[in-house]
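> Provide a 3D model corresponding to the input given below.
(one chain, ligands or ions: 1)
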Amino acid sequence: MTSAGRFAPSPSGELHVGNLRTAMLAWLFARSTGRGFLLRVEDLDRARAGAEEVQLRDLAAVGVTWDGDVVRQTDRGPLYAEAITRLEEAGLTYECFCTRREIQEAPSAPHAPQGAYPGTCRNLDRAELEYRRSIRPAAIRLRADVVEYAVQDVLHGTFTGAVDDFVLRRNDGVTAYNLAVVVDDADQGIDQVVRGDDLLPSTPRQAYLASLLDIPVPEYVHVPLVVNRDGVRLAKRDGAVTLADLAHAGVAAHEVRSLLLESLGLPGGTLDQALPALDPARLPRQPWVWTGMDGASAG
Ligand code: GLU
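Next up is the predicted model:
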């Protein structure tokens, strides 16, 4: 497959209606543009036993179907290692020994964006490097030569955001999300990324990394989230928000699907029925407030 969209859940628990709404949108965007649709389980971190199975079942229950086999990030270590080696060989990485606390306490570098890595380990001399290596394992950071980068998003237009020397591989050996997502999307032929707009701020880092790896940048569509009555991103603690909770309250998956489609200004029914009505220009740009099955409303 050469052209595809995808949904890439982290199997940390059950999907809630916000996650399902984003998955449905990703499916609709891919299918309405003649793309394939792939499912990737982002299980490098935060994986909980049994969660993947329930997530896949719930996606299928709202009509989100995918092509081919599910891909799991934990099966793809060599691919990430190869990308990091390429960056290393190009002089675009360095070892970092900082703890989270040291980073918080370090004075920030001049002109660096808020929260950026202050560059403590960027230019360690040989002796310092040897000494630090003897104390704790290193994380691998990108040696970025920009402080911001611009991306194009179908809903947000041009978005310029911070790029710092972000982590590529953590010091426990786990590949960082920003590296894995870029490598996977390219390897899987994914050229359209539809996901929650909470991820928009990390997108410039990913697009910049793609440029360094000579990887084409996908089309981005960052969609509004579902929030609770306080305007905070929906979470499990917000009551009946998963298909299992809702089934328990007597609401079937197809009814949840229709409600979610209607929240997007699309006709309720199956995803195939909604497909011809998808018009990016007419999608809601605001978060959707979930107030339960009866009263959910546009916020
Ligand atoms: N695995 C990420 C999440 O569940 C999504 C990453 C992405 O879509 O790029 O938040």
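> hey, let's count contacts and neighbours off CA atoms from now on
Noted.
> does the ligand have contacts with stretch 50-65?
No: residues of stretch 50-65 are not located near the ligand by CA under 6 Å from any ligand atom, the shortest gap being 11.2 Å.
> and that stretch, C-alpha only, in PDB?
Taking Å, rounded to 0.1, in the frame of the first residue of the first chain, the C-alpha atoms of stretch 50-65 are listed here in PDB:
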ATOM      1  CA  GLY A  50      -5.500  -7.000  27.800                       C
ATOM      2  CA  ALA A  51      -6.100  -3.300  26.800                       C
ATOM      3  CA  GLU A  52      -5.200  -3.800  23.100                       C
ATOM      4  CA  GLU A  53      -7.800  -6.600  22.600                       C
ATOM      5  CA  VAL A  54     -10.600  -4.400  24.100                       C
ATOM      6  CA  GLN A  55      -9.500  -1.400  22.100                       C
ATOM      7  CA  LEU A  56      -9.600  -3.300  18.800                       C
ATOM      8  CA  ARG A  57     -13.000  -4.800  19.600                       C
ATOM      9  CA  ASP A  58     -14.400  -1.400  20.400                       C
ATOM     10  CA  LEU A  59     -13.100   0.100  17.200                       C
ATOM     11  CA  ALA A  60     -14.700  -2.600  15.200                       C
ATOM     12  CA  ALA A  61     -17.900  -2.100  17.100                       C
ATOM     13  CA  VAL A  62     -18.200   1.500  15.900                       C
ATOM     14  CA  GLY A  63     -17.300   0.500  12.400                       C
ATOM     15  CA  VAL A  64     -13.600   1.400  12.300                       C
ATOM     16  CA  THR A  65     -12.100  -1.400  10.200                       C
END
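> how about the strands in the chain?
Taking DSSP state E, the strands of the chain run over residues 4-7, 36-41, 71-72, 93-96, 139-142, 148-153, 157-162, 167-169, 192-196, 219-223, 226-227, 288-289, 297-298.
> between those strands, which gets nearest to Thr242?
Evaluated with CA to CA, the strands of the chain place strand 226-227 nearest to Thr242, the distance being 12.8 Å.
> residues in contact with the closest one?
The contact list for strand 226-227 (CA atoms under 8 Å, 6 or more residues apart in numbering) reads Val17, Gly18, Arg233, Leu234, Pro287, Trp288, Val289, Trp290.
> ok, the first one touching Asp245?
In this case it means Val17. No: with contacts counted by CA atoms under 8 Å, Val17 stays clear of Asp245, the gap being 10.6 Å.
> which one of these two is surrounded by more residues?
Val17 (25 against 14; other CA atoms under 10 Å).
> which parts of stretch 36-49 count as buried, going by neighbours?
Neighbour-count burial for stretch 36-49, counted by 16 or more other CA atoms under 10 Å, picks out Gly36, Phe37, Leu38, Leu39, Arg40, Val41, Glu42, Asp43, Leu44.
> buried subset of the contacts of strand 226-227?
Buried among the contacts of strand 226-227 (16+ other CA under 10 Å): Val17, Gly18, Arg233, Leu234, Pro287, Trp288, Val289, Trp290.
> just list the residues touching His16, thanks.
Contacts of His16 (CA under 8 Å, 6+ apart): Leu234, Ala235, Lys236, Val241, Thr242, Leu243.
> if you could redo that for Asp185, that was the one I meant.
Contacts of Asp185 (CA under 8 Å, 6+ apart): Asp191.
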